[in-house]
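Enquirer: quick one: sequence and predicted model below, then my questions.
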Amino acid sequence: MAERQTIDARGAFCPGPLMELIAALKLATVGDEVEILSSDKGSATDIPAWVAKVGHEYVGTTEHDGYWSVVVRKAK
Amino acid sequence: MASKPLFIMLCSGEHEKIQLAAMIASVAAVSDRPVEVFVTMNAVLPFQRGLSKEQRYQGGHFHEEFMVKNVPDAIELFEQGKMLGDLKMWVCSMVLDLKHWEHDRDLVDGLFDGPAGLAKFLSDAEDGELITL
């Protein structure tokens, strides 16, 4: 059964949140979701662009007070 | 379609330039793009083994902020790029000769794939995109 893990990368500057997401995806199983919490504004656009480039599945982004939650599903 | 390889020539020892090179190299490498970095001239000096963070990183408008805020360490970014993507690091053989250094004895442990000459790097770079910092 697919799982979801959350990584709190708030406070880290670019490209820290993206690198943390990638490291988590590498260890995840296909179908698992990784939610990354980031206060870095660029992550909200960078992460979906990276996901499209490498072929994972972008689930969505939610804006909170001062940070973003971006969810990605491992597709390969 | 395979991405065009990215070649980065790093010749500035300024913290800002090293940071930008590490950011570009690591993000490109984890985006399925082959990357080769050629470190030369005084950019080699901050890669000396055994330096403290304060000794290693100097210079540039944002240097002080990089040091006190949660900005990823440049050496660690290069290491992540190598671990998670196709990133190779080469150090200029002429600079090693001038300093009487060996890449696997005097530079950051395990970071460099080996020494390289400029002619080889430029020849390889004809097949990709070259950025100089």
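Expert: Cool, got the structure.
Enquirer: show me the contacts for A:A75.
Expert: Under the criterion of Cβ atoms under 8 Å, 6 or more residues apart in numbering or on different chains, the neighbours of A:A75 are A:30, A:55-57. (C-beta placed from N, C-alpha, C; glycine too.)
Enquirer: now with 10 Å?
Expert: Going by Cβ atoms under 10 Å, 6 or more residues apart in numbering or on different chains, A:A75 touches A:25, A:30-31, A:51, A:54-58.
Enquirer: quick one, phi/psi of the closest residue to A:R4 other than its chain neighbours?
Expert: Using Cβ to Cβ, 6 or more residues apart in numbering or on different chains and skipping residues adjacent in sequence, the residue nearest A:R4 is A:E33, 4.2 Å away. Note on A:E33: its backbone torsions stand at phi -110, psi 140 [degrees, to the nearest 10].
Enquirer: pretty sure A:E33 contacts A:V59?
Expert: Yes - if you go by Cβ atoms under 10 Å, A:E33 and A:V59 touch, sitting 6.2 Å apart.
Enquirer: hang on, the earlier thing: how deep is the residue nearest to A:R4 tucked in, by neighbour count?
Expert: Residues near A:E33, counting by other Cβ atoms under 10 Å in any protein chain shown, number 17.
Enquirer: per-residue confidence at it?
Expert: You'll see A:E33 listed with a pLDDT of 98.
Enquirer: what about the longest helix in chain B?
Expert: In chain B, taking DSSP state H as the definition, the longest helix is helix B:15-29.
Enquirer: can you list the residues of chain B near chain A?
Expert: Residues of chain B lying near chain A by Cβ under 10 Å from any Cβ of the partner chain: B:3, B:22-24, B:26-27, B:30-33, B:65-66, B:69-73, B:76-77, B:80-81, B:83-85.
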